[in-house]
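Student: Quick one, fold the following:
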Amino acid sequence: MRNDRRTFLSTAIGSMIALGTASATNADDARSPSSDAPPALPSGASSRFATLNGIRLHYVVAGSGPPLVLLHGWPQTWAAWRATMAAFSDRFTVIAPDLRGLGLSERTQSGYDKRTIAEDIRALIALEAGGRATVVGHDMGGKAAFVLAHLYPKSVTRLVLVDCLVPGTENTDALRGGAWHYGFHMAPDVPEMLTAGRERAYIREQIRAWSYRKDAVAEDAISEHARHYASPGGMTAGFNYYRALPADAALVTTFADRRLPMPVLAIAGQYGVGSKLADALHGGAPNLTAVIAEHSGHFVAEEVPEFFQAQLERFLLA
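Tutor: Below you'll find the model as predicted:
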């Protein structure tokens, strides 16, 4: 076991050394973005704040029609959904929040378990969507959407999960085939220490590593996400989503006898989670549609936007 731990630490530290070397040779990547200019909002959109579930939550709203809530993942903010908002705001009221602790939403000491995030989103749906909405969640936002749909099924008319893993199905053990970043992000204090001053470089490397189409998430988009994570407490909030995974897994075990009553769409990247998402949903989602996005990694909505938007539209209008 001691040798296994040494191997894991060597792998993780080697990755960070490589990151540091890359940062040293590219000052633009090493430097945290300094601009405070917000990203361009989709046409007709508004940026809003509300106190919900005891925190100040930021979100962007565009369009009119049936409500469509978009939940981003790590290491992104609401701005990951700009193209999707532009594509659907002519027929839907599209609502894209910054999840708790991320973007412009309030940083909190606790509450990064997906039950609490689900309660944040339930309150947002009650405020902006009359209590019911279609919910789309990617990555950590997908985990929260999955929990929301189980705890508060009356709040979710349709559920869309985008390249995420159901809590408890992740392999967080790098020594047994799991992705190394799970253990790194879940460790107390260490990831903050090793990424301090390199936030953009680290986020960029993770996004590129998880993408099949390496240029799909544009450099200015990476800068926009990174400037928030680089602000005080931002990286800790992001890592706390990982640190909450054991509690999330324990909660989901209590859903074993439940079935999701709403239509569910699972969209996974061929080079992302692949069939693992649909496999985990079978049996628990009787009205499931599952599709694989070819030539896509983790960031399906950005890597293959036409495919993603076509699948989402078909599902919403069915």
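
Student: show me what contacts the residue nearest to the spatial centre of the chain?
Tutor: Among the residues of the chain, the one closest to the centroid is G73, at 1.0 Å (Cα atoms, centre = their mean). For G73, the contacting residues are A80, G137, H138, D139, M140, G141, G142, C164, by Cβ atoms under 8 Å, 6 or more residues apart in numbering. Every residue, glycine included, has its C-beta placed from N, CA and C.

Student: Out of those residues, which sit inside helices?
Tutor: Members of those lying in helices (criterion: DSSP state H): M140, G141, G142.

Student: My read is that A80 contacts H72, right?
Tutor: Yes: counting by Cβ atoms under 8 Å, A80 does reach H72; the two are 4.7 Å apart.

Student: what's the overlap in contacts for these two?
Tutor: Each of H138 lies in contact with both A80 and H72 under the rule Cβ under 8 Å, 6+ apart.

Student: The two: which is more packed in?
Tutor: Under the criterion of other Cβ atoms under 10 Å, the comparison of A80 against H72 puts H72 first, with 27 against 24.

Student: pLDDT score assigned to that one?
Tutor: On pLDDT, H72 comes in at 98.

Student: So it versus G283, what's the distance?
Tutor: As defined by Cβ to Cβ, to the nearest Å, H72 lies at a distance of 28 Å from G283.

Student: same check, this time on L57
Tutor: In terms of Cβ to Cβ, L57 sits 34 Å off from G283.

Student: Look at those two and report which has more neighbours.
Tutor: The neighbour comparison of L57 against G283 (other Cβ under 10 Å) goes to L57, with 24 against 10.

Student: ok, now which ones touch that one?
Tutor: F49, A50, T51, P97, D98, R100, S105, E106, D120, L124.

Student: If we use 10 Å, what do you get?
Tutor: The neighbours of L57, taking Cβ atoms under 10 Å, 6 or more residues apart in numbering as the test, are 48-51, 97-100, 103-106, 120-121, 123-124, 127.

Student: Looking at those, which are in strands?
Tutor: Using DSSP state E, R48, F49, A50, T51, P97 are the members of those that sit in strands.

Student: Return the members of those classed as buried.
Tutor: Burial by neighbour count, 16 or more other Cβ atoms under 10 Å: within the ones in strands among the contacts of L57 this picks out P97.

Student: Let me have the ones in strands among the contacts of L57 in JSON lines, extended by distance to L317 and pLDDT.
Tutor: Formatted as JSON lines, the ones in strands among the contacts of L57 follow (distance: Cβ to Cβ, whole Å; pLDDT from 0 to 100):
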{"residue": "R48", "distance to L317": "27", "pLDDT": "97"}
{"residue": "F49", "distance to L317": "32", "pLDDT": "98"}
{"residue": "A50", "distance to L317": "29", "pLDDT": "98"}
{"residue": "T51", "distance to L317": "34", "pLDDT": "98"}
{"residue": "P97", "distance to L317": "24", "pLDDT": "98"}
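
Student: Dump the ones in strands among the contacts of L57 into TSV; add distance to S211 as well.
Tutor: Listed next are the ones in strands among the contacts of L57 as TSV, based on distance: Cβ to Cβ, whole Å:
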residue	distance to S211
R48	30
F49	31
A50	33
T51	36
P97	24
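
Student: Out of the ones in strands among the contacts of L57, give me the two with the largest separation.
Tutor: Across these, no pair lies farther apart than T51 and P97, at 13.1 Å, counting by Cβ to Cβ.

Student: just for the protein, where's the confidence low?
Tutor: 1-39 (pLDDT under 70).

Student: quick one, strands of it?
Tutor: Under DSSP E, the chain gives strands at 46-52, 55-62, 67-71, 93-97, 133-138, 156-162, 264-269, 288-293.

Student: Done for today, thanks.
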